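Participant: Pasting the sequence and the predicted model now:
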Amino acid sequence: MMRTKLLSLVPRATVACRHMSSATKLTTVEVNDKTGIATLTMNRPPVNGLNLELLRDLQQSIEEIEGNKSCGLILTSSNPTIFSAGLDILEMYKPDKERIRAFWTQLQDVWLALYGSSVPTAAAINGHSPAGGCLLAASCEYRVMLPKFTIGLNETQLGIVAPQWFMSTYLSILPRREAERSLNQGRMFTTEEALRVGLVDEIASSKEEALAKCADFIATFAKVNPLARSLTKQQFRSADLQQLENERVQDLEKFLFFINQPAVQKGLGIYLESLKKKSKN
Ligand SMILES: CC/C=C\C/C=C\C/C=C\C=C\CC(=O)SCCNC(=O)CCNC(=O)[C@H](O)C(C)(C)COP(=O)(O)OP(=O)(O)OC[C@H]1O[C@@H](n2cnc3c(N)ncnc32)[C@H](O)[C@@H]1OP(=O)(O)O
C-alpha cells in the first residue's frame, strides 16, 4: 500500500495521514495515523453529482476503509459549497439502457455498504446536500453541518418518488411524522432547521471544525468493544438492509419503469434546463 504524507493538505493540528487510495480519481481516502479515522472525500466537480463512476469509487473507498481496520469513516466533500448535488440527473435523463441498470445497482451497493458499514460513520456536511447527497449523509450515524446550506430528500419536487430504502434511511433519524411530511413535501431544510428536527446532530462553523466534531463522535466508541458495537449497529439496521437485499431486482425494475415514463422524462428535462438556466444567470 502506498504511504504518502499529505501534510500540506490537512490542518496543522493533524499529525500525519496515510493516503490510502490514489488510483481512484473521484474519491480520496486519508487515514489519520494518530486517531485511525479515515476521511473519505468526494471530488467530482462541479457538484459531486453521483454518476456511475463516483458511485463505484465511493464503494471501493468504503470497502478499503472497512478492510483497513480504520476506527471510523468521515464522509465529506472537496467542494467548499456542495456536499453532493445528489444523483447525476444526466444518468437518468434519456438514459442508456445498460448503463442505467449499472448505475442504479451501484447506488444500491453504495447504500448497503455505507448504511451497513461495520465501522462508526459520520458526515461532515460542508455544503448543500439535496436528495442522493442527503441519502449519503443520512446513511451515516452522525452528521455535522456548516451554516447557510440546505439538506433534504426533495424527490417529489422533481416529480420522482424516493424508493423504500431512502424512506427507511430518513426514518432511522427522523420521527415518523416528520419523515413522512418532509418526504411528501420534498422539503429542503436549512442547516438550522435540520438541527431543530434532528436531521443533523451539530452545526460547525468551518469544515475543519466539522471534521473535528465527527472525529469526537467516533472517539466516543474508543472504549466500547468493537464487535459488540458493530453487531448492535447491525441489529438496528438489519431489517432495512435485508429488505433491499431481498428486493434488489424488483427495486431496479421499479426504478427503470418509473424513470422511463414519458412524463418523468419530460419533468427531468425541464428540471435540467432550469438548473442550466440558473447557472448561466
Ligand atoms: C415507486 C418508486 C420506485 C422507484 C424509484 C423511482 C425513482 C427514484 C429516482 C431517483 C431518485 C433521485 C434522487 C436524486 O438524487 S435526484 C437529484 C436531485 N438533485 C437536485 O435536485 C439538486 C439540483 N442542484 C442544485 O440544487 C444546485 O445545483 C446545487 C444547490 C447543488 C448547487 O448550486 P450551484 O449554484 O452551486 O451550482 P449550479 O449552477 O446549480 O450547478 C452547476 C452545474 O451542475 C449541474 N447540476 C447541478 N445539480 C445536478 C445534478 N443533480 N445532476 C446533474 N447536473 C447537475 C447544473 O446543471 C450546472 O450545470 P452547467 O454548468 O449549467 O452545465
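Facilitator: Done, it's in.
Participant: Go through this protein and flag its longest helix.
Facilitator: The helix spanning the most residues in the chain, taking DSSP state H as the definition, is helix 226-246.
Participant: which parts of that one are buried?
Facilitator: Ser230, Lys233, Arg237, Asp240, Leu241, Leu244 (16 or more other C-beta atoms under 10 Å). C-beta here means a position set from N, CA and C on the backbone, and glycine is covered the same way.
Participant: Could you let me know which of these ends up closest to the ligand?
Facilitator: For those, the minimum distance to the ligand (C-beta to the nearest ligand atom) is 11.9 Å, reached by Leu244.
Participant: show me the contacts for the residue nearest to the closest one when sequence neighbours are not counted.
Facilitator: Leaving aside its sequence neighbours, Leu244 sits nearest to Trp165 (C-beta to C-beta, 6 or more residues apart in numbering; 4.7 Å). Residues in contact with Trp165 (C-beta atoms under 8 Å, 6 or more residues apart in numbering) are Gln108, Trp111, Asp240, Gln243, Leu244, Asp251.
Participant: Could you list the low-confidence segments of the stretch 101-250 of the chain?
Facilitator: Applying pLDDT under 70 to the stretch 101-250 of the chain picks out no residues at all.
Participant: Going along the chain, name the helices of it.
Facilitator: Applying DSSP state H, counting those that start in this stretch to the stretch 101-250 of the chain gives helices spanning 132-139, 164-171, 176-185, 191-197, 207-219, 226-246, 248-259.
Participant: Using CSV, please lay out these together with distance to Ser61.
Facilitator: CSV is the format used below for those (distance: least, C-beta to C-beta, whole Å):
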stretch, distance to Ser61
helix 132-139, 12
helix 164-171, 19
helix 176-185, 28
helix 191-197, 25
helix 207-219, 16
helix 226-246, 19
helix 248-259, 22
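Participant: Please identify the most buried of these.
Facilitator: Highest mean neighbour count among those (mean count of other C-beta atoms under 10 Å): helix 132-139, with a mean of 27.
Participant: where does Phe221 fall, phi/psi-wise?
Facilitator: Phi and psi for Phe221, reported as degrees, to the nearest 10, are phi -100, psi 0.
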